[in-house]
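Asks: need a structure here:
(chains A and B)
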Amino acid sequence: MIIDTTEIETINSFSKLESLKEVYGIIWMLVPIVTLVLGITIGVLVIVWLEREISAGIQQRIGPEYAGPLGILQALADGTKLLLKENLIPSTGDTRLFSIGPSIAVISIFLSYSVIPFGDHLVLADLSIGVFFWIAISSIAPVGLLMSGYGSNNKYSFLGGLRAAAQSISYEIPLALCVLSISLLSNSLSTVDIVEAQSKYGFWGWNLWRQPIGFIVFLISSLAECERLPFDLPEAEEELVAGYQTEYSGIKFGLFYIASYLNLLVSSLFVTVLYLGGWNLSIPYIFVPDIFGINKGGKVFGTLIGIFITLAKTYLFLFIPIATRWTLPRLRMDQLLNLGWKFLLPISLGNLLLTTSSQLLSL
Amino acid sequence: MNSIQFPLLDRTAPNSVISTTLNDLSNWSRLSSLWPLLYGTSCCFIEFASLIGSRFDFDRYGLVPRSSPRQSDLILTAGTVTMKMAPSLVRLYEQMPEPKYVIAMGACTITGGMFSTDSYSTVRGVDKLIPVDVYLPGCPPKPEAVIDAITKLRKKISRELYEDRIRSQRANRCFTTNHKFHVRRSIHTGNYDQRVLYQPPSTSEIPTEIFFKYKNSVSSAELVN
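Replies: Residues are numbered from 1 along each chain as shown, chains lettered A, B, ... in the order given. Have a look, this model is predicted:
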């Protein structure tokens, strides 16, 4: 042996260091992801509680009262119960499709959170195709729903799955056209750029004022994408028992339950980002750094303020879908498709045409 | 859920702090989100339905009515159960996933009520079909009485031990008849003129062994119940 033992030891320690560094790198990659997932889960629990209390308020009820103060822990109790419940798999169904379905629905929605900026450049992945990524990813979820509807071997499940697929395909198009006109205004598909394009004139710089038609179309079609009440045909309780969820019990049903609220949260966050100016304070002539000074502590504080503003806008906006759910009746299938194809699609196309021509003429 | 997946929940381990806390946690979560099945056969359901509304609001206790038995924990047998409805009720009960509870609502489902003396079709008490946790008398019981029953059920769940539930699952599995179809010679032969000379099909076509086996299984199951 030419190399003596000490050299081998040094080489070994060096490789150990390298591997440690790699491990640290992986951990540092995982930290923001885990934080985001935890934060989103808490956000979903808050939405569930909000929905139950708001619905109670609309119907002059009290709502959850005994699980924790003001029933705050109600969603947590539901989740724990679903986790500890028996998991049933239909014997004649397709077991693999049945098991994979809910996870596909949840994962595809979770992925779309990665392009949402919560604060000043506080985004998991600042992709240059951010909004396009969301549109692409969100059309995977109906595949999961279709799989679970087919795998259950139940006519109600299958009908529900088919309805979910038909609905989200037909409402994807107006949604994508609205997003396209927004990206024309800010010359970028990146969510961070879209927010920064709205930051100039505070409250009056919001895309909401430049795209009022687009905002309304986006609102309606995002409600349809979330399968919220005016459009909740896939899980219509009176016609299909619970739609594609009929055969699901325990935590798999819990996954569907979470997925619907995750979808609601993500579309509300996208409304904030695309139309309501994202993390900006949005009061004209006041800039956050001017008030709090631009030192190191102020920067952290500014980030926290940004997160707070984003979440405040999002949760204030959430009142609209929740109140809609508890006031409007359900559409028929033909009404739903007529609204999607004959009304929203032409209107969003016209909106796109208007936006494009104004951009061409003014620039 | 089975005991292998959640070994910490097992109370056979010495009364450690962790096991009791987990037991309490599962009991708490179960009692504070009892989702009832939307099930009703007659007038009791009117009283049950008024609980969904604003005056009696059982969402305060975390009850969300579900239409699918797969997602519900509780079945309130609201209304008279007839012989014709009985198989469906048992099937609905068996479709529910395991921590499941039954409230027998109304006199009809406790003893048969006013149909208990001379009815040819009423099941005299739903506990002949499925295991009942709380009996709720009344004809029909007021919504306040239903809330009282739910409170009693919540108390019962809060005292539950995990081990006991597993044991009761093994013992009190209710028996349902396994219907077997026997192929017989068709009586629709087209020769309807011979109706005058029609003789009732004799039972001797069924092999006697199967017949006795079937009968034995019925009697043994009755012993279990």
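Asks: Identify the residue nearest the geometric centre of chain A.
Replies: A:V266 (1.7 Å; CA atoms, centre = their mean).
Asks: dump the residue contacts of the nearest residue to it once chain neighbours are set aside.
Replies: Nearest residue to A:V266 in three dimensions, chain neighbours excluded: A:S112, at 5.4 Å (CB to CB, 6 or more residues apart in numbering or on different chains). Using the backbone N, CA and C atoms, a C-beta is placed for each residue, glycine as well. Contacts for A:S112 (CB atoms under 8 Å, 6 or more residues apart in numbering or on different chains) come out as A:F133, A:W134, A:I137, A:S138, A:V266.
Asks: Check whether A:W341 really touches A:S170, as I assumed.
Replies: Yes - the pair A:W341 / A:S170 is scored as a contact, 6.0 Å apart, by CB atoms under 8 Å.
Asks: neighbour count winner among these two?
Replies: Neighbours were counted for A:W341 and for A:S170 using other CB atoms under 10 Å in any protein chain shown; A:S170 has more, 18 against 14.
Asks: element containing the more buried one, please.
Replies: Under the criterion of DSSP states H and E, A:S170 resides in helix A:155-186.
Asks: any idea of the mean pLDDT for that helix?
Replies: The average pLDDT within helix A:155-186 is 89.
Asks: ok, now stretch A:315-335?
Replies: 89.
Asks: starting at the chain centroid, how far to it?
Replies: Relative to the centre of its chain, stretch A:315-335 is centred 17 Å away, using CA atoms, centre = their mean, to the nearest Å.
Asks: So which bits of that stretch are buried?
Replies: Within stretch A:315-335, the residues that count as buried by 16 or more other CB atoms under 10 Å in any protein chain shown are A:Y315, A:F317, A:L318, A:P321, A:I322, A:T324, A:R325, A:L331.
Asks: rewinding a little: following the helix holding A:S170, which helix or strand shows up next?
Replies: Counting by DSSP H and E, the element after helix A:155-186 in chain order, helix or strand, is helix A:191-197.
Asks: hey, C-alpha coordinates of that following helix in PDB?
Replies: Below are the C-alpha coordinates for helix A:191-197, written out as PDB (Å, rounded to 0.1, in the frame of the first residue of the first chain):
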ATOM      1  CA  THR A 191     -46.900  35.300 -10.700                       C
ATOM      2  CA  VAL A 192     -44.300  37.600  -9.100                       C
ATOM      3  CA  ASP A 193     -44.200  39.800 -12.200                       C
ATOM      4  CA  ILE A 194     -48.000  40.000 -12.300                       C
ATOM      5  CA  VAL A 195     -48.100  41.200  -8.700                       C
ATOM      6  CA  GLU A 196     -45.400  43.800  -9.300                       C
ATOM      7  CA  ALA A 197     -47.200  45.100 -12.400                       C
END
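Asks: give the contact list for A:N87.
Replies: A:S249, A:G250, A:I251, A:K252, B:M1, B:P97 are the contacts of A:N87 under CB under 8 Å, 6+ apart.
Asks: That one belongs to a helix?
Replies: No - going by DSSP: H, G, I helix; E, B strand; the rest coil, the assignment for A:N87 is coil, not a helix.
Asks: if we can go back for a sec, arrange the buried residues of stretch A:315-335 in JSON lines, one row each, with distance to chain B and secondary structure as further columns.
Replies: Listed next are those as JSON lines, based on distance: CB to the nearest CB, whole Å; DSSP: H, G, I helix; E, B strand; the rest coil:
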{"residue": "A:Y315", "distance to chain B": "21", "secondary structure": "helix"}
{"residue": "A:F317", "distance to chain B": "24", "secondary structure": "helix"}
{"residue": "A:L318", "distance to chain B": "19", "secondary structure": "helix"}
{"residue": "A:P321", "distance to chain B": "19", "secondary structure": "helix"}
{"residue": "A:I322", "distance to chain B": "15", "secondary structure": "helix"}
{"residue": "A:T324", "distance to chain B": "19", "secondary structure": "helix"}
{"residue": "A:R325", "distance to chain B": "14", "secondary structure": "helix"}
{"residue": "A:L331", "distance to chain B": "20", "secondary structure": "coil"}
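Asks: so A:P321 makes contact with A:F231?
Replies: No - the pair A:P321 / A:F231 is not scored as a contact, 10.9 Å apart, by CB under 8 Å.
Asks: what residues do those two have in common as contacts?
Replies: A:L223.
Asks: picking that back up, now the contacts of A:N87 as a markdown table including secondary structure and distance to A:S348?
Replies: Listed next are these as a markdown table, based on DSSP: H, G, I helix; E, B strand; the rest coil; distance: CB to CB, whole Å:
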| residue | secondary structure | distance to A:S348 |
| --- | --- | --- |
| A:S249 | coil | 39 |
| A:G250 | helix | 40 |
| A:I251 | helix | 38 |
| A:K252 | helix | 35 |
| B:M1 | coil | 47 |
| B:P97 | coil | 43 |
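Asks: which one of those is nearest A:L83?
Replies: Relative to A:L83, the closest of these is A:I251; by CB to CB it sits at 5.1 Å.
Asks: can you confirm A:R330 is in a helix?
Replies: No - the assignment for A:R330, made by three-state DSSP, is coil rather than a helix.
Asks: contacting residues around it?
Replies: A:L229, A:P230, A:F231, A:D232, A:L233, A:A236.
Asks: and which of the buried residues of stretch A:315-335 is nearest to A:T355?
Replies: A:F317 (22.2 Å).
Asks: In contact with the closest one, which residues?
Replies: A:F317 neighbours (CB under 8 Å, 6+ apart): A:S268, A:V271, A:T272, A:L276.
Asks: Please identify, among the contacts of A:S112, the one with the most neighbours.
Replies: That'd be A:W134 among the contacts of A:S112, by other CB under 10 Å, with 28 neighbours.
Asks: looking at it, A:N153 is touching A:P90, isn't it?
Replies: Yes - contact status for A:N153 versus A:P90: in contact at 5.5 Å, counting by CB under 8 Å.
Asks: any residues in contact with both of these two?
Replies: Shared contacts of A:N153 and A:P90 (CB under 8 Å, 6+ apart): A:E247.
Asks: For A:R61, which non-adjacent residue is closest in space?
Replies: The shortest distance from A:R61 to any non-neighbouring residue, by CB to CB, 6+ apart, is to B:D57 (4.3 Å).
Asks: now for the helix or strand containing B:L76, which elements pack on it?
Replies: Secondary structure assigned from DSSP H and E places B:L76 in strand B:74-78. Judged by 3 or more CB pairs under 8 Å, 6 or more residues apart in numbering or on different chains; DSSP states H and E, strand B:74-78 is in contact with helix B:44-52, helix B:86-95, strand B:101-105.
Asks: Any chance you could list what contacts it?
Replies: B:34-37, B:39-42, B:44-45, B:47-48, B:63, B:69, B:89, B:92-93, B:96, B:100-106, B:109, B:126, B:130, B:136, B:140, B:146, B:153.
Asks: and that strand with strand B:101-105, angle?
Replies: Put simply, strand B:74-78 runs at 20 degrees to strand B:101-105, going by axes from the mean of the first three to the mean of the last three CA atoms, to 10 degrees.
Asks: before we move on, the earlier item: could you look up the SS state of the residue nearest to A:V266?
Replies: On the basis of three-state DSSP, A:S112 is classed as helix.
Asks: Report the separation between it and A:Q211.
Replies: Using CB to CB, to the nearest Å, we find A:S112 at a distance of 21 Å from A:Q211.
Asks: do A:F218 as well
Replies: 8 Å.
Asks: do the same with A:R325
Replies: In terms of CB to CB, A:R325 sits 24 Å off from A:Q211.
Asks: got the residues of chain A near chain B?
Replies: Residues of chain A lying close to chain B (CB under 8 Å from any CB of the partner chain) are A:52, A:56, A:59-67, A:71, A:73-74, A:76-81, A:84-88, A:237, A:241-242, A:245-250, A:253.
Asks: What residues does A:S152 make contact with?
Replies: Neighbours of A:S152 in contact, by CB under 8 Å, 6+ apart: A:P90, A:G93, A:F98, A:F158, A:Y244, A:T246, A:E247, A:Y248.
Asks: and what of A:F118?
Replies: Here A:F118 is in contact with A:W279, A:G306, A:I307, A:T310, A:L311 (CB under 8 Å, 6+ apart).
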